[in-house]
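Peer 1: Need coordinates for the below:
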Amino acid sequence: MKKQYVALAILEPFGAEFLEAEYKAQDAQSSGVEAPESKLLTIFDDVGIIEVKGKLTNKDSYFNSWYGLISYNEIRAAAVEAVEMGVGSILFDIDSPGGAVAGIGDISNFIQGLDVPTVAHTSGTMASAAYFMGASCEKVFADDMSESGSIGVVMQHMEMTALLKKEGIKVDVIRSGKRKAIGGPYEKLEPENRKYLQDQVDTYAGKFFEFVSEQRGIPLPAMDEIMDGGTFIGEESVQVGLIDKIMSFDEALLVSITLAEKTLDKNNSSVNNSGYYRNNYDFSKSTAEGDTTMPKKISKAALAALATAGKTAPAAEDKDKDENLKNQQTPSEGEGENLNADSGNQDKGEGEGEGQTTPTAEEALQADLTAMQEKYDASQIDLAELTTKLEKADEVVEALKATHADEMKPLCSVIEGQINTMRVALSLTSVSMEAFAPAALMVEYDNIRKTFESSLIVGGVVPNEKGNDQETVEPKSRNDVNEIKNLGF
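Peer 2: Okay, the predicted model is just below:
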């Protein structure tokens, strides 16, 4: 039965088609098909690119994409993932005629609340709810052949009273209040109800106009040209203030990359296309100063590079630091004795305590690198030991396999004999099965046994080779039958 529609406010001009797609997607979701994870996000050079291509809905369904829909929650999830991966900016690649009023405010507030720069770009259409979302970004760009605008709200009402009357169906609508569920398809839309729905549309539209005015810096009195619901192509969008600049997607991506570099310079972090950032940095922890994180592991090559850097001649500022460290206040005699006592060196004299020097920054760095190198070498030894143990375990497994094969040979020989006995009884030739694995041999036995039992029935009739006459085999007793079955046939 075809779905029925009620009045619904949407921010795009294809209401019935949009509702049909929503209903189909929800019906498909209720069928119980498990939905895999959907990806809208692409990471490129520290920029999270989120594709927003399709009609916008506030309902989640794996089957949305089948009907050209994309949910606000999908967009939100993609943005969250991008931020968690450490991108420096987000570029929304939009091609959408709009969508539902419900949910557009939430996704708009979410985008404005992101702590990375946001850019919107369209090479196709950014209209109605899609423009509402795009205008939430800090920068809005469009291709010269693109279409932007459709600032307004549309509500569609479908009345089916004439069709129902033709089919001999009469519907009585009983409601608790005069405005309860008005706009249904089973009754005519009265003038007062039409006015009520029109007021709702105007309220939604007013909020839309105020949002565009605030985001784009256009005074409301100057928005008459764009408040009629029309769209603007290319440069026209810039002239009316809906778009910042005409540029291609690649140019918008370069702008996003520049913004990302500035953001990541502040945060001292980075992400690249190879997935290094995700694989080598721990996002679950952060330092006291901010969101900067440390690598999980340092390679031997990196250690060598650090050691080489530590051995180079220190710069002038490093020399100053070393002098400052040397000129720091040294412990007094009493303090030197206490330090020696704490370390267990009570037999050392005061002179030895006074002669102690503080290691330079270069020496401290070299000591740290040496300790890290020792840990790395120790881990390599452990890895070699584990590799040796694994090789020994493989040898044990192979030996067990060989022993198992030897033990199975007599049993396999018996099973092979049973199979060929039944094959001969079925007028088939016997075959050699030495190359069969035990599991394959059991499968063959099971198949031939089923054929044997279905072809040669105990107590049945067997053909007489002398002619078409048949002789009847005397029926066996139940005990005789059971005894035969116990033989394994």
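Peer 1: Helix or strand: which one has E385?
Peer 2: helix 361-425 (DSSP states H and E).
Peer 1: Could you list every helix and strand in contact with that helix?
Peer 2: helix 300-311, helix 316-326, helix 438-455 (3 or more C-beta pairs under 8 Å, 6 or more residues apart in numbering; DSSP states H and E). (Glycine included, C-beta is placed from N, CA and C.)
Peer 1: can you do 6 Å?
Peer 2: helix 300-311, helix 438-455 (3 or more C-beta pairs under 6 Å, 6 or more residues apart in numbering; DSSP states H and E).
Peer 1: Break the protein into its domains for me.
Peer 2: Domains of the chain are assigned by automatic domain parsing as 8-264, 400-485.
Peer 1: Which of those has the lowest mean pLDDT?
Peer 2: Mean pLDDT per stretch puts domain 400-485 lowest among the domains of the chain, at a mean of 71.
Peer 1: Share the number of residues neighbouring L164, please.
Peer 2: When neighbours are counted by other C-beta atoms under 10 Å, L164 registers 15.
Peer 1: how near is the residue nearest to it when sequence neighbours are not counted to M155?
Peer 2: Closest residue to L164 apart from its sequence neighbours, by C-beta to C-beta, 6 or more residues apart in numbering: V171 at 6.2 Å. From V171 over to M155 the distance is 22 Å, taken as C-beta to C-beta, to the nearest Å.
Peer 1: Pull up the gap between the closest residue in space to S128 that isn't next to it in sequence and F63, please.
Peer 2: Once flanking residues are discounted, S128 sits nearest to G98: 2.8 Å by C-beta to C-beta, 6+ apart. According to C-beta to C-beta, G98 and F63 sit 20 Å apart.
Peer 1: Just the C-alpha atoms of the longest strand anywhere in the chain, please, in PDB.
Peer 2: Counting by DSSP state E, the longest strand found in the chain is strand 118-127. What follows is strand 118-127, C-alpha atoms only, in PDB (Å, rounded to 0.1, in the frame of the first residue of the first chain):
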ATOM      1  CA  THR A 118      35.700  25.200   8.900                       C
ATOM      2  CA  VAL A 119      35.300  25.800   5.100                       C
ATOM      3  CA  ALA A 120      32.300  25.100   2.900                       C
ATOM      4  CA  HIS A 121      32.500  24.600  -0.900                       C
ATOM      5  CA  THR A 122      30.100  23.600  -3.600                       C
ATOM      6  CA  SER A 123      30.700  22.600  -7.100                       C
ATOM      7  CA  GLY A 124      27.100  21.800  -7.700                       C
ATOM      8  CA  THR A 125      24.200  22.900  -5.400                       C
ATOM      9  CA  MET A 126      24.200  24.400  -2.000                       C
ATOM     10  CA  ALA A 127      20.600  25.300  -1.400                       C
END
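Peer 1: Just the residues contacting it, thanks.
Peer 2: 90-92, 94-95, 97-98, 111, 134, 137-143, 146-148, 150, 231, 249, 252, 256 (C-beta atoms under 6 Å, 6 or more residues apart in numbering).
Peer 1: What about these, which are in strands?
Peer 2: 90-92, 94-95, 139-142, 147-148, 231.
Peer 1: Closest one to Q418 out of those, please.
Peer 2: Among these, D95 lies closest to Q418 (C-beta to C-beta), at 68.8 Å.
Peer 1: correct me, but G183 touches M155?
Peer 2: No: if you go by C-beta atoms under 6 Å, G183 and M155 don't touch, sitting 8.1 Å apart.
Peer 1: picking that back up, does the residue nearest to L164 sit in a helix, a strand or a coil?
Peer 2: Using DSSP: H, G, I helix; E, B strand; the rest coil, the structure places V171 in coil.
Peer 1: from memory it sits against G184, does it?
Peer 2: No: in this structure, V171 is not within contact of G184 by C-beta under 6 Å, at 8.9 Å.
Peer 1: Between the two, which has more neighbouring residues?
Peer 2: G184 (19 against 12).
Peer 1: Roughly how far does the more buried one sit from S176?
Peer 2: In this view, G184 and S176 are 14 Å apart by C-beta to C-beta.
Peer 1: now T451
Peer 2: T451 is 72 Å from S176, where distance means C-beta to C-beta.
Peer 1: what about these two, which has more around it?
Peer 2: Per other C-beta under 10 Å, whichever of T451 and S176 has more neighbours is T451, with 13 against 7.
Peer 1: Could you tell me how far the more buried one is located from F208?
Peer 2: Counting by C-beta to C-beta, the gap from T451 to F208 is 75 Å.
Peer 1: ditto for K166
Peer 2: Taken as C-beta to C-beta, the span from K166 to F208 is 39 Å.
Peer 1: between these two, who's got more neighbours?
Peer 2: F208 (22 against 9).
Peer 1: picking that back up, doesn't A129 make contact with the residue nearest to S128?
Peer 2: Yes: contact criterion C-beta under 6 Å: G98 and A129 qualify, at 4.1 Å.
Peer 1: coming back round to it: pull out the buried members of the contacts of strand 118-127.
Peer 2: 90-92, 94-95, 97-98, 111, 134, 137-143, 146-148, 150, 231, 249, 252, 256 (16 or more other C-beta atoms under 10 Å).
Peer 1: quick one, what contacts V140?
Peer 2: Counting by C-beta under 6 Å, 6+ apart, V140 has contacts 120, 134, 243-244.
Peer 1: Number of residues surrounding the closest residue in space to it that isn't next to it in sequence?
Peer 2: Excluding the flanking residues, the one nearest V140 by C-beta to C-beta, 6+ apart is A120, at 4.8 Å. A120: 29 surrounding residues under other C-beta under 10 Å.
Peer 1: how much space between A120 and L91?
Peer 2: 8 Å.
Peer 1: same thing with G417?
Peer 2: To L91, G417 is 73 Å away according to C-beta to C-beta.
Peer 1: circling back to that earlier point, if you compare the domains of the chain, which one is most tucked away?
Peer 2: Highest mean neighbour count of these: domain 8-264, a mean of 18 (counted as mean count of other C-beta atoms under 10 Å).
Peer 1: V101 is in contact with L56, correct?
Peer 2: No: counting by C-beta under 6 Å, L56 does not reach V101; the two are 10.0 Å apart.
Peer 1: Tell me where the stretch 1-150 of the chain has strands.
Peer 2: Ranges of strands in the stretch 1-150 of the chain, per DSSP state E, counting those that start in this stretch, are 8-10, 41-44, 47-53, 55-57, 69-71, 89-96, 118-127, 139-142, 147-149.
Peer 1: Out of those, flag the one nearest I381.
Peer 2: Per C-beta to C-beta, nearest to I381 of the strands of the stretch 1-150 of the chain: strand 41-44, 37.6 Å.
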